[in-house]
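K.L.:
Return a 3D structure for these sequence lines:
(one chain, ligands or ions: 1)
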Amino acid sequence: MRRLSPSTFALLTTGVTWAVAVIIVTGGAVRLTGSGLGCPDWPTCTQDRLVAAWDYHQMVEFVNRMVTGIVSVAVILAVLGAWIRRPRRRDLVLLACGLVAGVIGQIVLGGITVLFDLAPQLVMAHFLLSLVLLSTALVLRDRAGAPPTPPVVAVADDVVRLSRVMLFAASVVVVTGTIVTGSGPHGGDTRAQRFPFLPTETARVHGIAVTVFLALTVFAVAALRRSGARPQALRRATVLLAAIVAQAAVGYTQYFTGVPAALVAVHLAGAVAVWTAVVRFHLGLFHRPGAPETIERWREPLRSNSNVPTSAVPPTTTSAPTAPGS
Ligand code: HEM
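P.N.:
A predicted model of the protein is given here:
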């Protein structure tokens, strides 16, 4: 069986992460173009048609279902890649399997959402599950590029605690955001039910959550600067801060301009960027000592070359266990 080097697998996980991020935005496009019930049936488009007819809404919904197909292939490749990666690592295999389970869950939940005429609770759950999937992909990507040693905190303990609070605050921001959407005009179809809340009120709660999240992030940047933290942690915190500020600007602009669909799409992409940034910020506070396994990349050809005496192969500097399933 073919083997996959750690660096190729890391590249594969980058692709999977992008695929998961992109489908969140294309899924949002279905809602924003009012095409949520373009294909009113599932898994076929309509009761008597497997694929969409030449109709705008049917096409939009159907293309998104095809994007789902691409994401499904990507996560299956992640499992296969983790399996044939050498050294094989149990944590990577399990995370990749988690992605497959998440995509299956999303396909079923997406189908149920259509069958229940885009009930806002289901639309909300569909979006939030996609962020869980994105987080899993980000953790997989992070681990794929690091040695399998236990993580060591690379900053002051207070910053780690603060970052956990930030993850919680970010979760409150996205949950309240989906409630604003569920009470606003972009339900995915004119027949879609809406939450019985005033969008102005839910947007106010969402805005307050954002302010708290922003304040915590400013605090984190200041704490990292003060403690002279390693550049990666500070860089990721600064990226997060910039993403929140930009996203808040889009949020207020769309709020005061009657939530035009194009701006809401930008806000949705911004939410994916902010979520990615906060997860990456958290992951960047830890490091795994030991040489990266990518060292295997140049050791493997030497080993497989029978003309090279084994004594010519340099001793490994990695502390990574190489046994399968480690
Ligand atoms: C960190 C900054 C922010 C994040 C991460 C964020 C995230 C989100 C998310 C995840 C949604 C739901 C998207 C969906 O269900 O498709 C949303 C919707 C919304 N957000 Fe934000 N948001 C942020 C800042 C703001 C701010 C400052 C405002 C201003 C009040 C705002 C106004 C809105 C509005 C009006 C909607 C509903 C849009 C619609 O009709 O679909 N957001 N936001």
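K.L.:
Find me whatever residue is spatially closest to the residue in the stretch 101-250 of the chain positioned nearest to the ligand, sequence neighbours aside.
P.N.:
The ligand sits closest to residue 177 of the stretch 101-250 of the chain, with a gap of 2.5 Å, by Cβ to the nearest ligand atom. In short, each C-beta sits where N, CA and C put it, glycine included. Closest residue in space to residue 177, ignoring its immediate chain neighbours: residue 206 at 5.4 Å, by Cβ to Cβ, 6 or more residues apart in numbering.
K.L.:
Please see if the strand or helix carrying the one you found touches the ligand.
P.N.:
According to DSSP states H and E, residue 206 maps onto helix 199-226. Yes: judged by Cβ under 6 Å from any ligand atom, helix 199-226 and the ligand are in contact via 203, 206, 207, 210, 213.
K.L.:
for that helix, packing partners?
P.N.:
helix 157-183, helix 231-256 (3 or more Cβ pairs under 8 Å, 6 or more residues apart in numbering; DSSP states H and E).
K.L.:
for it, the distance to its chain's centre please.
P.N.:
With Cα atoms, centre = their mean, to the nearest Å as the basis, helix 199-226 stands 21 Å off its chain's centre.
K.L.:
So which of the residues of helix 199-226 next to the ligand wins on neighbours?
P.N.:
residue 213 (25 neighbours; other Cβ atoms under 10 Å).
K.L.:
Run a quick neighbour tally on the closest residue in space to that residue that isn't next to it in sequence.
P.N.:
In space, residue 213 comes closest to residue 169 once its chain neighbours are excluded; the distance is 4.1 Å by Cβ to Cβ, 6+ apart. Neighbourhood size, residue 169 [other Cβ under 10 Å]: 19.
K.L.:
Kindly provide the distance from residue 169 to residue 175.
P.N.:
11 Å (Cβ to Cβ, to the nearest Å).
K.L.:
just residue 237 next, same as before
P.N.:
Residue 237 is 23 Å from residue 175, where distance means Cβ to Cβ.
K.L.:
For those two, indicate the residue with more neighbours.
P.N.:
residue 237 (30 against 15).
K.L.:
check contacts around the closest residue to that one other than its chain neighbours.
P.N.:
Once flanking residues are discounted, residue 237 sits nearest to residue 221: 4.8 Å by Cβ to Cβ, 6+ apart. Residues in contact with residue 221 (Cβ atoms under 8 Å, 6 or more residues apart in numbering) are 234, 237, 238, 241.
K.L.:
so who does the last one touch?
P.N.:
For residue 241, the contacting residues are 214, 217, 218, 221, taking Cβ under 8 Å, 6+ apart as the criterion.
K.L.:
Report the rounded mean pLDDT for the host helix or strand of residue 82.
P.N.:
Secondary structure from DSSP H and E places residue 82 in helix 56-84. Averaged across helix 56-84, the pLDDT comes to 92.
K.L.:
Quick check: buried residues in that helix?
P.N.:
57-65, 67-68, 71-72, 74-75, 77-79, 81-82 (16 or more other Cβ atoms under 10 Å).
K.L.:
Next one, pLDDT for the residue in the stretch 201-326 of the chain that the ligand sits nearest to please.
P.N.:
Proximity of the stretch 201-326 of the chain to the ligand (Cβ to the nearest ligand atom) peaks at residue 251, 2.4 Å away. Predicted confidence (pLDDT) for residue 251: 98.
K.L.:
wait, what's in contact with the residue lying closest to residue 245 once chain neighbours are set aside?
P.N.:
Sequence neighbours aside, residue 214 is the residue nearest to residue 245 in space, at 7.4 Å (criterion: Cβ to Cβ, 6+ apart). Going by Cβ under 8 Å, 6+ apart, residue 214 touches 241, 244, 245, 248.
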